[in-house]
Every structure is written in C-alpha cells, then in structure tokens.
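Q: Model the structure of this input:
(chains A and B)
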Amino acid sequence: EDQVTQSPEALRLQEGESSSLNCSYTVSGLRGLFWYRQDPGKGPEFLFTLYSAGEEKEKERLKATLTKKESFLHITAPKPEDSATYLCAVPTSGTYKYIFGTGTRLKVLA
Amino acid sequence: SQTIHQWPATLVQPVGSPLSLECTVEGTSNPNLYWYRQAAGRGLQLLFYSVGIGQISSEVPQNLSASRPQDRQFILSSKKLLLSDSGFYLCASGTSGDTQYFGPGTRLTVL
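A: Numbering: from 1, shown residues only, chains lettered A, B, ... in the order given. This next block holds a predicted model:
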C-alpha cells in the first residue's frame, strides 16, 4: 500500500538553528515527490519537485534531497518567517491521485 | 504556471442548507482537478478528482458531490449540509504525476 509519513509532527527552532524535516514514502515506481509550504488559513504553496534518488533542489534557506526511501527538507539558519506547515506528497501507483503526509508544523522563534 | 481561483473565501451556513463552491483554473488546458478537505491540524483528505469534463471520481462516500461542467471549472456541492461538513476546502489542479497547484481555499463553517 502506498504511504507517506512525515516527522516530526512539530518542531520548534530558535532563529538560526538549522534542522531537517523527514518524509518517508512507500510507492511503486516513484513519479515524483513534492514539497509544499502551508501558512495558516491558506492553500499549500508549491516548493520543490524531486524525481530521482540523489536529486537536490534549493530555494533560499531550504534544500530538498531525495533517496529511494525518503526525502529531507533541510532548513539552514531559519528565520521566523519560515514558520509554517511543510507537506510532502507523492503520486500513487497507477492512478491520478496523490498521497499527502500529515505535515510538520515548524515554529521558528526570534 | 497555473493559477487556481476559489470562491467564496469564507462561508457560514446553517445545517440543512445547500452548498456550492466553485473553482476555476487559468494557465493550463485539460488539467486533472481535485477537491480536498482539510480538518484543523490534520492532513489533506481527497474528496473528488476529475480527469476530464463530466468525469468525476469519488473517494469518500458522503454528503457531497462534484461536477465539472467545463474544462477548467470544478464545482463542489451539497443538497443539505451537515455539521461534519465544516472544514477547509481546497481545489487543486495538475497533470498526471506532475506538480499539483492549489487554490487559496474556502473556510466552511456549518452551524
């Protein structure tokens, strides 16, 4: 069964304290792994797509990496404005559907 | 990239009243369209998806229905709302296996 698990559920960091969020997945024939940022009361905002193991993508203080079993979202020297819920998702095997993790709620303290 | 419009942004409805939420998409043709519901502090629950005009797949048996009258228009409806229908409703658009883009969402409160 296709599955996506994110950890931790919540994370509190001091400003400048780097850390990583994890997204573990089980799917036959990965067709992409997607990271989103969601602010309270808003729709998810697309961040990255990763397609193959070893691929990395960066955007400002965020870097996403992918292995055959999991993806990491590394946050370097975070700022309070990075506070949000981060979601990952994969397309399911042989369908048009996507499975989303339950997200990591990140809080960065000034 | 695509732009997803949803309205209304906020809605407060009494139990038993009808519902119609609309989603339109700009910047693409023949997209796959999706309706999700997100409960407070929880993940995204897929409600319906459509791969073409008039084609609707339902994921969760419930009080809601969906329609796709035009290529880039997706409508979520209910004849009689229940308290349990409260939540944050998100429309998304994408092509098979590619990035999904989300609208701003509709906050529905059923009283």
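Q: Please make it C-alpha for all contacts and neighbour counts, starting now.
A: Noted.
Q: Who are the contact partners of the spatially closest residue to residue A:66 that is not a sequence neighbour?
A: In space, residue A:66 comes closest to residue A:53 once its chain neighbours are excluded; the distance is 5.1 Å by Cα to Cα, 6 or more residues apart in numbering or on different chains. Residue A:53 is in contact with A:66-68, counting by Cα atoms under 8 Å, 6 or more residues apart in numbering or on different chains.
Q: Tell me the confidence at residue 35?
A: Unless you meant another one, I'm taking chain A. pLDDT for residue A:35: 98.
Q: meant chain B, my bad for not saying
A: pLDDT, residue B:35: 97.
Q: Tell me the residues of chain B that contact chain A?
A: B:32, B:42-44, B:49, B:51, B:90, B:96-105, B:107 (Cα under 8 Å from any Cα of the partner chain).
Q: so of those, which ones are in strands?
A: Taking DSSP state E as the definition of strands, the residues of chain B next to chain A contribute B:32, B:44, B:49, B:51, B:90, B:100-102, B:107.
Q: Next, give me the two most distant ones among those residues.
A: Maximum pairwise distance in those, criterion Cα to Cα, is 25.2 Å, between B:51 and B:107.
Q: Show me where chain B has its strands.
A: Under DSSP E, chain B gives strands at B:3-7, B:10-13, B:19-26, B:32-38, B:44-52, B:55-58, B:65-70, B:73-78, B:87-94, B:100-102, B:106-110.
Q: between those strands, which gets nearest to residue A:17?
A: strand B:44-52 (29.0 Å).
Q: which helices and strands does the closest one pack with?
A: Strand B:44-52 is packed against strand B:32-38, strand B:55-58, strand B:65-70, with contacts defined by 3 or more Cα pairs under 8 Å, 6 or more residues apart in numbering or on different chains; DSSP states H and E.
Q: ok, and the closest non-adjacent residue to residue 67?
A: Unless you meant another one, I'm taking chain A. residue A:53 (4.4 Å).
Q: meant chain B, my bad for not saying
A: Per Cα to Cα, 6+ apart, closest to residue B:67 is residue B:75, 5.2 Å.
Q: and what of residue A:79?
A: In space, residue A:79 is closest to residue A:15, 5.2 Å off (Cα to Cα, 6+ apart).
Q: I'm done for today, thanks for sticking with me.
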